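**Q** Dropping a prediction and its sequence here:
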Amino acid sequence: MMTNAHTPALSLGPVYYLWDGPKWRDFYFRIADEAPVEHVTLGETVCSKRQHFTEPHIAEVVERLEAAGKKVTLSTLAMVTLERESRHVRDLIRDSAHPVEANDLSALGLIAGRAHSIGPLVNVYNAATARVLAARGANNICLPPELPMNSIEKIVASLPDLSFEVFAFGRMPLAISARCAHARSKGLTKDNCQFICGEEPDGLPLRTLDRQSFLVLNGVQTMSNSCVVLLGELQALSAAGIARVRLSPQDCDMVAVAAIYRAVLDGAMDDGEAIARLSDVYPGAVFSNGFYHQQEGAAWIARGRNAALGQG
């Protein structure tokens, strides 16, 4: 579905989790055939060892997405620690016929002067940083999910001709490490992890000593326990000039998620109904939008007060 000039496009970020090859392929096939998204970023972002599962399917996934009219961008790794990882990033940037999204500063020197995107894992916290990246060739910046609305407005206003994207659905990527806490939690090491993170296709929940939900482990990545949901905020983001609204894949019906966001963007559904439907699509998830409202990230701000959705 195409949007008018004043309505943000809907985009889908890369899958952060380890899904087996056929599941990953079939997920994108369905996105191609059914989801009302216009831009899709794919490729391994979290752990290079997972490329073993997805690389055999990338060519056919890209072909299917493009046949459906989706614009495809390829993601770089968020942390490069090995020579083979460095070589992969160099080869991707040198050889890719598709735009590349940089998720680590080490990629920026290789891609400078060529049109590219900046992913939400790069800390673009102010207009000065955005201007530097734009001058080096960035034509789309997905802002980090930690930014409040007043910062988003200032950054976007400073570069009105640049495409900005907002992380509007999914667990927030908070940190990435050279070590794998996910493997360690199961008595394994990163080098001999046995791809144990594949046992939790939506991440491994962590709890505090008093059994409160806290964070989620995803291999070497730490994520929020709560799922960012910016539905009631879409009208303000659109008015601020946001060009794209990003959905980050979770282990739920992402076609339905995309349809809900598209309906709100198009004015066909109010945010109250949309949030209720999203609770059915992603049951058990705790929604949050605190960072947007200058509160703690895990907070849910609804009609001016905190409320927890999906807390069970």
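**A** Noted; the coordinates are in hand. Not measured: the values here are computed from a predicted model.
**Q** Now do the SS call for residue 160.
**A** coil (DSSP: H, G, I helix; E, B strand; the rest coil).
**Q** and if you look at residue 84?
**A** Going by three-state DSSP: residue 84 is helix.
**Q** how many other residues sit next to it?
**A** 10 (other Cβ atoms under 10 Å). In short, each C-beta sits where N, CA and C put it, glycine included.
**Q** Kindly report the same for residue 34.
**A** Neighbours of residue 34 (other Cβ under 10 Å): 14.
**Q** Could you double-check that it sits in contact with residue 253?
**A** No: counting by Cβ atoms under 8 Å, residue 34 stays clear of residue 253, with 10.0 Å between them.
**Q** average model confidence for the longest strand along the chain?
**A** For the chain, the longest strand by residue count, based on DSSP state E, is strand 163-176. Averaged across strand 163-176, pLDDT comes to 96.
**Q** Kindly report the same for stretch 293-302.
**A** Rounded mean pLDDT across stretch 293-302 is 93.
**Q** do the same with stretch 48-55
**A** 91.
**Q** who touches the residue lying farthest from the centre of the chain in this structure?
**A** Using Cα atoms, centre = their mean, the residue of the chain lying farthest from its centre is residue 210. It sits 30.2 Å away. Applying Cβ atoms under 8 Å, 6 or more residues apart in numbering, we find residue 210 in contact with no residue.
**Q** one step back: mind listing what the longest strand of the chain pairs with, with the direction of each?
**A** strand 138-143 (parallel), strand 221-229 (antiparallel), strand 244-247 (parallel) (DSSP bridges).
**Q** Just put those strands in TSV and tack on mean neighbour count.
**A** Below are the strands paired with strand 163-176 laid out as TSV (neighbours: other Cβ atoms under 10 Å):
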stretch	mean neighbour count
strand 138-143	23
strand 221-229	24
strand 244-247	25
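**Q** Out of those, which is closest to residue 287?
**A** strand 221-229 (4.3 Å; Cβ to Cβ).
**Q** How about residues contacting the closest one?
**A** 16, 46-47, 78, 145, 167-177, 181, 203, 205-206, 213-217, 248, 250, 275, 278, 282, 285-289, 291, 297-298, 300.
**Q** same check, this time on stretch 178-185
**A** 47, 79, 81, 189-190, 193-194, 196-197, 200, 204, 217-220, 222.
**Q** Please repeat the previous calculation with a cut-off of 6 Å.
**A** 81, 190, 193, 196-197, 204, 217, 219-220 (Cβ atoms under 6 Å, 6 or more residues apart in numbering).
**Q** Contacts only, for the one residue sitting closest to the centre of the chain.
**A** In the chain, the centroid-proximal residue (Cα atoms, centre = their mean) is residue 248; its distance is 3.8 Å. For residue 248, the contacting residues are 13, 170, by Cβ under 6 Å, 6+ apart.
**Q** quick check, distance from whichever helix or strand comes after the longest strand of the chain to the centre of its chain.
**A** Next helix or strand after strand 163-176 toward the C-terminus (DSSP states H and E): helix 181-184. Helix 181-184 sits 22 Å away from the centroid of its parent chain (Cα atoms, centre = their mean, to the nearest Å).
**Q** avg pLDDT for helix 181-184?
**A** pLDDT averaged over helix 181-184 gives 82.
**Q** so residue 239 is in which element?
**A** helix 234-240.
**Q** other SSEs contacting that helix?
**A** Contact partners of helix 234-240 among helices and strands, from 3 or more Cβ pairs under 6 Å, 6 or more residues apart in numbering; DSSP states H and E: none.
**Q** got a list of contacts for it?
**A** So helix 234-240 is contacted by 8, 153, 156, 166, 264-265 (Cβ under 6 Å, 6+ apart).
**Q** swap in stretch 95-107?
**A** For stretch 95-107, the external contacting residues (Cβ under 6 Å, 6+ apart) are 41, 45, 72-76, 78, 80, 89, 93, 108, 116-119, 121.
**Q** Could you report the pLDDT at the closest residue to residue 294 other than its chain neighbours?
**A** Once flanking residues are discounted, residue 294 sits nearest to residue 148: 4.4 Å by Cβ to Cβ, 6 or more residues apart in numbering. With respect to pLDDT, residue 148 scores 97.
**Q** I'd like the distance between residue 148 and residue 275.
**A** 20 Å (Cβ to Cβ, to the nearest Å).
**Q** Looking at those two, which one has more neighbours?
**A** A count of neighbours by other Cβ under 10 Å puts residue 275 above the other of residue 148 and residue 275, at 18 against 13.
**Q** what about the helices in this protein?
**A** 21-34, 51-54, 58-67, 83-95, 108-111, 127-135, 149-158, 181-184, 234-240, 254-265, 271-281 (DSSP state H).
**Q** Most tightly packed of these?
**A** helix 254-265 (a mean of 22; mean count of other Cβ atoms under 10 Å).
**Q** re earlier: would you reformat the contacts of helix 234-240 as TSV and include distance to residue 24?
**A** Formatted as TSV, those follow (distance: Cβ to Cβ, whole Å):
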residue	distance to residue 24
8	26
153	36
156	33
166	25
264	28
265	27
